[in-house]
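Engineer: Based on what follows, work out the 3D shape:
(one chain, ligands or ions: 1)
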Amino acid sequence: MTQTARGSVEIASARSETFQSIDPRTGEVVGEHPIHDAETVNSRVASTRKAQREWAELGFAGRKQHLDKWRKILAKRLDELAGVICAETGKPLDDARLELVLVLDHLHWAGANAEKVLKRRKVSSGVLMSNQVSTVEYLPFGVVGVIGPWNYPAFTPMGSIAYALAAGNGVVFKPSELTPGVGEWLVRTFAEAVPEYPVFQLITGFGETGAALCESGVDKVAFTGSTATGKRVMASCAQSLTPVLVECGGKDALIVDSDADLAAAADAAVWGAMSNAGQTCIGVERVYVVEAVAERFLEMVAERAKKLRPGAEPGAEFGPITMASQVDLIREHIDDAISGGGRAVVGGRDSVRPPFVEPVVLADVPEDSAAVAEETFGPTIVVQRVRDADEGIARANDSRYGLGGTVFSRARGMELARKLRSGMVAVNSVISFAGVPALPFGGVGDSGFGRIHGADGLREFARTQAVTRTKFKIPLNPMSFARPKSTVGTVVRLIRLMRGR
Ligand code: NDP
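Structural biologist: Numbering: from 1, shown residues only. You can find the predicted model right below:
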């Protein structure tokens with residue numbers, strides 16, 4: 001435990017109950033972490049709250065300085081954290097490094113833009129209140145509870161953590177039980193960079209620890225994970241009207257129009273579907289390709305997918321399935337697609353070799369099969385033929401999810417993008433929106449609501465305060481018991497004159 005002038009950053013715990021984090025490639029134990037109970041969770045929230053007041057008073061420039069110090073440590077020791085990510089998720093080192101490249105850029109953006117987005121600004125007072133000066137300001141909530149998943153254990157939670165801290169909040173972070181070491185590393189280096197403000201603290205454990213965070217009295221919960229857990233988090237937060245940000249799963253589609261650059265589309269489809277072993281919330285899970293180019297496109301996808309090999313060795317294109325139980329679900333989806341009449345163009349049932357799954361390309365699968373309707377979260381892709389791009393859009397939108405999406409079209413890219421019912425779209429590239437810090441990230445439907453990243457992501461972690469200040473007294477004040485009888489009549493005549501025509 002590190003003692004500081006203003007409180008304590010409790011990283012290790014005196015409690016004896018612990019759990020292990022495991023390298024999914026080898027089964028080797030790579031860390032041991034405390035299982036925090038509700039009492040510890042509450043005490044970490046309380047000490048974060050204490051430190052947060054001074055953090056908020058620091059102002060934007062002061063906080064930026066501290067966030068910059070932390071960012072420089074992350075940049076310098078990027079490979080060290082990448083090693084922890086690899087050990088806990090099994091992903092290849094370069095994928096972990098790429099994840100951290102995004103983290104650094106987002107952390108920079110949040111610190112550099114918080115003042116511009118959140119500072120007090122004047123708005124017009126309008127005709128009725130023209131004697132007022134009206135301002136809007138975005139003030140920190142207090143303490144934000146961040147609950148993260150394991151698939152991008154640094155990038156995903158940092159989309160909340162960086163933006164919440166830059167907005168002046170304290171953060172208590174509960175990483176996934178599969179990636180506690182990544183959470184511990186982030187919190188420890190923040191404490192190294194900013195020892196005087198222990199506003200970023202850690203709790204570890206299983207679902208119960210996350211549930212305790214929801215009930216701890218935090219001022220907002222930012223959850224990223226599955227839709228099922230998201231619903232539980234919301235139900236729990238409803239008891240205390242704690243606001244929530246819910247970033248859940250997806251079933252993102254890629255539309256290939258007849259005029260698309262097919263090689264680029266095939267490349268994007270395979271990378272979007274198979275990188276990180278398909279364990280990407282905004283990964284490509286379905287492709288709707290226009291009939292006229294479908295055969296050629298499918299050949300190109302197959303050619304690329306066949307070359308990919310999962311493994312634990314440095315040259316492997318992707319790693320294992322991090323969460324062992326997901327393997328069964330991936331197998332079920334492949335089985336269901338094939339037994340429903342779908343074609344296995346690359347791989348098939350035998351591609352599932354735990355902890356690895358080899359690339360699987362399925363085609364012409366019934367639309368109601370699990371492989372088309374549910375999140376698979378594996379290195380699989382379903383390619384479906386459609387009459388035209390509009391049918392592709394209609395089928396893509398016929399989903400309970402609506403996270404991201406991709407369109408490949410030379411002539412109609414932007415038009416088709418607008419028709420997708422999703423929070424984000426990449427036109428003629430894939431997943432690129434996640435690398436643009438100024439763009440908001442989030443979904444609709446079962447993919448959740450609220451936004452991380454960008455100006456919307458900063459405002460997500462602030463309470464809006466509207467203020468009017470009287471500039472001068474007006475002769476006609478209708479909001480007083482002392483108003484003359486004629487006042488309301490005069491105001492009504494005035495508004496009819498101005499707004500009634
Ligand atoms: P889970 O829903 O299983 O877990 C997410 C987090 O919630 C974990 O930290 C988990 O803890 C915790 N948790 C579990 N039960 C509770 C509870 N009752 N109350 C509070 N917290 C709880 O998701 P995964 O970790 O398996 O992540 C994969 C999912 O995340 C996929 O569906 C993916 O699409 C989605 N995702 C969405 C993203 C987005 O931005 N929209 C980004 C990345 C992933 P523990 O691990 O200890 O059980």
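
Engineer: How is this protein divided into domains?
Structural biologist: Domains of the chain are assigned by automatic domain parsing as 2-249+452-462, 253-421, 471-499.

Engineer: so can I have TSV of those showing mean pLDDT?
Structural biologist: Below are the domains of the chain laid out as TSV (pLDDT from 0 to 100):
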stretch	mean pLDDT
domain 2-249+452-462	94
domain 253-421	97
domain 471-499	92
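
Engineer: Rebuild these as a markdown table, extending it with distance to residue 440 and mean neighbour count.
Structural biologist: (C-beta placed from N, C-alpha, C; glycine too.) Converted to a markdown table, the domains of the chain look like this (distance: least, CB to CB, whole Å; neighbours: other CB atoms under 10 Å):
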| stretch | distance to residue 440 | mean neighbour count |
| --- | --- | --- |
| domain 2-249+452-462 | 4 | 20 |
| domain 253-421 | 12 | 20 |
| domain 471-499 | 33 | 10 |
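
Engineer: can you put those domains in JSON lines and add distance to residue 433?
Structural biologist: Output for the domains of the chain, formatted as JSON lines (distance: least, CB to CB, whole Å):
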{"stretch": "domain 2-249+452-462", "distance to residue 433": "9"}
{"stretch": "domain 253-421", "distance to residue 433": "7"}
{"stretch": "domain 471-499", "distance to residue 433": "40"}
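
Engineer: Among those domains, which comes closest to the ligand?
Structural biologist: domain 2-249+452-462 (2.3 Å; CB to the nearest ligand atom).

Engineer: Show me which residues of the protein sit near the ligand.
Structural biologist: When proximity is defined as CB under 6 Å from any ligand atom, the chain approaches the ligand at 147-152, 156, 174, 176-177, 206-207, 210-211, 214, 224-226, 229, 232-233, 247-250, 281, 323, 375, 403, 443, 447-448.

Engineer: Among the residues you listed, name the ones in helices.
Structural biologist: Among the residues of the chain next to the ligand, the members found in helices (DSSP state H) are 156, 207, 210, 211, 214, 229, 232, 233.

Engineer: Tell me which two in those are the farthest apart.
Structural biologist: By the measure CB to CB, 156 and 211 form the most distant pair in these, at 19.5 Å.

Engineer: so where do the helices sit in the stretch 251-400 of the chain?
Structural biologist: Applying DSSP state H, counting those that start in this stretch to the stretch 251-400 of the chain gives helices spanning 262-274, 291-306, 326-339, 370-373, 389-397.

Engineer: Can I get the ones you listed in a markdown table including distance to residue 434?
Structural biologist: Putting the helices of the stretch 251-400 of the chain into a markdown table (distance: least, CB to CB, whole Å) gives the following:
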| stretch | distance to residue 434 |
| --- | --- |
| helix 262-274 | 11 |
| helix 291-306 | 21 |
| helix 326-339 | 21 |
| helix 370-373 | 24 |
| helix 389-397 | 19 |
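
Engineer: Which of those helices sits closest to residue 88?
Structural biologist: It's helix 326-339; of the helices of the stretch 251-400 of the chain, that one is closest to residue 88 (CB to CB) at 15.2 Å.

Engineer: Which other helices and strands does the closest one contact?
Structural biologist: The helices and strands touching helix 326-339, judged by 3 or more CB pairs under 8 Å, 6 or more residues apart in numbering; DSSP states H and E, are strand 343-346, strand 352-353, strand 360-363, helix 370-373, strand 380-386.

Engineer: returning to what we had before: for residue 30, find the nearest of the helices of the stretch 251-400 of the chain.
Structural biologist: So among those, helix 326-339 is nearest, using CB to CB, at 19.2 Å.

Engineer: ok, and what's touching that closest one?
Structural biologist: Helix 326-339 is contacted from outside by 279, 321, 344, 348-349, 351-352, 354-355, 357, 360, 362, 365-366, 369-372, 374, 376-378, 380, 382, using CB atoms under 8 Å, 6 or more residues apart in numbering.

Engineer: what does stretch 47-63 give?
Structural biologist: Here stretch 47-63 makes contact (CB under 8 Å, 6+ apart) with 6-8, 10, 66, 111, 114-115, 118-119, 139-140, 142-143, 165-166, 168-172, 197-201.

Engineer: Stretch 225-235 too?
Structural biologist: 147-149, 176, 207, 210-211, 214, 221, 223, 244, 246-249, 401, 446-448.

Engineer: Return the subset of these lying in strands.
Structural biologist: Under the assignment DSSP state E, the contacts of stretch 225-235 contribute 147, 221, 223, 244, 246, 247, 401, 448 to strands.

Engineer: how about JSON lines for those residues, with distance to residue 437 added?
Structural biologist: Converted to JSON lines, the ones in strands among the contacts of stretch 225-235 look like this (distance: CB to CB, whole Å):
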{"residue": "147", "distance to residue 437": "22"}
{"residue": "221", "distance to residue 437": "23"}
{"residue": "223", "distance to residue 437": "21"}
{"residue": "244", "distance to residue 437": "23"}
{"residue": "246", "distance to residue 437": "21"}
{"residue": "247", "distance to residue 437": "16"}
{"residue": "401", "distance to residue 437": "24"}
{"residue": "448", "distance to residue 437": "20"}
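
Engineer: for those residues, which one is nearest residue 489?
Structural biologist: Nearest to residue 489 out of those is residue 244 (CB to CB; 47.0 Å).

Engineer: does the closest one have beta-bridge partners, and which?
Structural biologist: Listed beta-bridge partners, residue 244: residue 221 (assigned using DSSP bridges).

Engineer: unless I'm mixing things up, it is touching residue 218, no?
Structural biologist: No - counting by CB atoms under 8 Å, residue 218 is not a contact partner of residue 244; they are 10.3 Å apart.

Engineer: quick one: secondary structure of residue 125?
Structural biologist: Under DSSP: H, G, I helix; E, B strand; the rest coil, residue 125 falls in the coil class.

Engineer: Would you agree it is in contact with residue 132?
Structural biologist: Yes - between residue 125 and residue 132 there is a contact under CB under 8 Å: 4.5 Å.

Engineer: Spell out which residues are contacts of both of these two.
Structural biologist: residue 468.

Engineer: picking that back up, turn the helices and strands packed on helix 326-339 into CSV, columns for distance to residue 267.
Structural biologist: Shown next, in CSV, are the helices and strands packed on helix 326-339 (distance: least, CB to CB, whole Å):
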stretch, distance to residue 267
strand 343-346, 15
strand 352-353, 25
strand 360-363, 14
helix 370-373, 22
strand 380-386, 13
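
Engineer: who wins for proximity to residue 262 among these?
Structural biologist: It is, among those and with distance given as CB to CB, strand 380-386, at 12.4 Å.

Engineer: List of residues touching the closest one?
Structural biologist: 269-270, 273-274, 278, 284-291, 294, 297-298, 301, 305, 330, 333-334, 337, 342, 345, 357, 359-365, 367, 371-372, 392, 395.
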